[in-house]
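Asker: Predicted structure and sequence below. I'll ask about it afterward.
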Amino acid sequence: MADGLLPLQQVEGMEVIEEVMHRLRELARKKRGKNAGASAGIIDSQSVKSGLPNAMKGFDGNKKVNGRKRHIVTDTNGWLLAVLVHSANLHDGTMAVLLFRRLRESIHGILAVFADGGYRGKLVENAAKALGFTIGIVMRTDNAERFKVVPKRWVVERSFAWMNAHRRLSKDYEFLCESAETMVQLSAIKIMLNKI
């Protein structure tokens, strides 16, 4: 195909869901008058309780959650670009490197990724440079008297809110992290279908 996408008949296994998600995102972006491919992303993570006793999970001491983390990168519309699910005890900066690699493999043309202060550090900066995009750290100001929307970061937070509206994502009910990632992708597909 001219746009570099394989026919769905040639895509194998769970990759079909990811491919459908990418195609729907391109259609939704075109409908909004934007380029089909995203050039900027926004990264964040969400810690969720795990509903299974024997599943791979850990304790996030910062959020006081025993379960898993969902790491996502969205475009500037809030539509999912990439997802990585892992145990909650792993540090955001370390796992961001793996998510950046996944992002680079599946999406071409990303030039910048915006993140919160949890992604500061040499490891993340070096990974971003090696993969060809820049990291923009968007910090919150603690001196605000009232609630104030933080530029760029609100988009990914809204995406988490959209996902949490799906009952299956209220907790992590999946035994495998790969299955949990697929559930996030299915949620993103449903969200984008409503936008087309």
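Answerer: Great, that's in hand.
Asker: can you map out the strands along this structure?
Answerer: Taking DSSP state E as the criterion, the chain contains strands spanning 40-49, 58-60, 65-74, 80-87, 112-115, 134-137.
Asker: and Asn89, what does it touch?
Answerer: Contacts of Asn89 were listed using Cβ atoms under 8 Å, 6 or more residues apart in numbering, and they are Gly58, Phe59, Asp60, Gly61. Where C-beta positions appear, they are placed from N, C-alpha and C, glycine not excepted.
Asker: Wait, Arg102 touches Leu81, no?
Answerer: No. If you go by Cβ atoms under 8 Å, Arg102 and Leu81 don't touch, sitting 9.4 Å apart.
Asker: Of the contacts of Asn89, keep whichever come out buried.
Answerer: Neighbour-count burial (16 or more other Cβ atoms under 10 Å) is assigned, among the contacts of Asn89, to Gly58, Asp60.
Asker: what about Val16, neighbour count?
Answerer: By other Cβ atoms under 10 Å, the residues close to Val16 number 12.
Asker: Tabulate the contacts of Asn89 (CSV), appending distance to Lys190.
Answerer: Formatted as CSV, those follow (distance: Cβ to Cβ, whole Å):
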residue, distance to Lys190
Gly58, 28
Phe59, 31
Asp60, 27
Gly61, 33
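Asker: Quick one, which of the contacts of Asn89 has the minimum pLDDT?
Answerer: Scanning the contacts of Asn89 for pLDDT, the low point is Gly61. It has 85.
Asker: Ramachandran coordinates for the residue nearest to that residue when sequence neighbours are not counted?
Answerer: Distances taken as Cβ to Cβ, 6 or more residues apart in numbering put Asn89 closest to Gly61, at 7.8 Å, once the chain neighbours are dropped. Dihedral pair for Asn89: phi -80, psi -10, per degrees, to the nearest 10.
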